[in-house]
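In: Build me a model:
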Amino acid sequence: QRQRQRVLNDQRRFIEMQRQFAVAAGLARKVEAAKNADDAARKAAVEKSAAEAKVQRAEARAKREGSSNSNSNRNAAATATRAADKATATAKRAAANAARARAAANAARVRAAANAEKERVNIRAVYTNFIGRLQNATTKTTTKKVYRNGSKKLHPDKGGNGILFGKFNTLYRTKIQQFP
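Out: Below is the predicted model:
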């Protein structure tokens with residue numbers, strides 16, 4: 001039965017580690033997506049400025065050359081204007097995508113922080129529970145049993161907090177010395 005319990009505990013720890021890795025990987029992917037979206041927005045803004053400069057050059061050429069080539073100059077200016085409009089639309093879409101990606105990354109960070117806080121609160125509640133049980137233990141056997149069970153929950157290798165485990169350990173040592 002102890003072997004089965006050890007196997008179950010190992011499986012639980014493994015599943016929890018997988019969950020934590022998945023959360024971290026998801027956050028990293030969202031942050032990477034935000035960076036990529038920002039890069040795309042910058043690239044689209046550069047393309048937009050280049051297209052607008054092309055429009056200005058085409059309009060200036062049309063003014064310089066006058067009416068002799070007015071049709072071809074007007075066509076070139078219209079083509080350049082369409083390219084500038086297209087670049088502007090692309091830049092706006094890229095900026096919107098970047099904003100959405102940043103929002104998703106921030107939301108993932110907030111969720112991760114909330115989950116970490118929930119885990120800290122849970123460990124604190126477990127610590128408080130075992131401290132009370134350890135203080136109320138009346139025999140050496142009961143004290144050892146409570147300490148063993150508490151160690152399984154509070155030990156840093158088992159997902160607990162090292163500082164709380166140290167306090168729990170100190171309390172156990174002082175409590176166990178009370179018994180002959």
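In: Same question for stretch 171-178: list its buried residues.
Out: 171-172, 175 (16 or more other Cβ atoms under 10 Å). In this view, the C-beta of every residue, glycine as well, is placed from N, C-alpha and C.
In: In helices, which of those appear?
Out: Judged by DSSP state H, the subset of the buried residues of stretch 171-178 located in helices is 171-172, 175.
In: Let's have those residues in TSV, adding pLDDT and distance to residue 19.
Out: Shown next, in TSV, are these (pLDDT from 0 to 100; distance: Cβ to Cβ, whole Å):
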residue	pLDDT	distance to residue 19
171	89	31
172	92	31
175	90	35
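In: re earlier: nearest to residue 159, of the buried residues of stretch 171-178?
Out: Among those, residue 172 lies closest to residue 159 (Cβ to Cβ), at 19.3 Å.
In: check contacts around that closest one.
Out: 134, 143, 147, 150 (Cβ atoms under 8 Å, 6 or more residues apart in numbering).
In: Out of these, grab the one that's most surrounded.
Out: Scoring the contacts of residue 172 on neighbours with other Cβ atoms under 10 Å, the highest-scoring entry is residue 150 at 24 neighbours.
In: Give the helix, strand or coil label for that one.
Out: Classification of residue 150 using DSSP: H, G, I helix; E, B strand; the rest coil returns helix.
In: so it makes contact with residue 167?
Out: No: proximity of residue 150 to residue 167 does not meet the contact threshold set by Cβ atoms under 8 Å, at 11.0 Å.
In: tell me the centre residue of this protein?
Out: Compute the mean C-alpha point of the chain, and by Cα atoms, centre = their mean the closest residue is residue 27, 3.1 Å away.
In: Quick check: which element contains that one?
Out: Assigned by DSSP states H and E, residue 27 belongs to helix 2-65.
In: after that helix comes which helix or strand?
Out: Following helix 2-65 toward the C-terminus (DSSP H and E): helix 70-136.
In: and that following helix, what does it pack onto?
Out: helix 2-65, helix 140-154, helix 162-176 (3 or more Cβ pairs under 8 Å, 6 or more residues apart in numbering; DSSP states H and E).
In: what about the longest one, distance to the chain center?
Out: Counting by Cα atoms, centre = their mean, to the nearest Å, helix 2-65 is centred 12 Å from the centre of its parent chain.
In: Show the average pLDDT along that helix.
Out: The pLDDT scores in helix 2-65 average 75.
In: Okay, angle between that helix and helix 140-154 too, please.
Out: 20 degrees (axes from the mean of the first three to the mean of the last three Cα atoms, to 10 degrees).
In: Run through the residues that contact the residue nearest to residue 164 when sequence neighbours are not counted.
Out: Take residue 164 and drop its neighbours on the chain: the residue closest to it by Cβ to Cβ, 6 or more residues apart in numbering is residue 127, 4.5 Å away. Residue 127 is in contact with 154, 161, 164, 167-168, counting by Cβ under 8 Å, 6+ apart.
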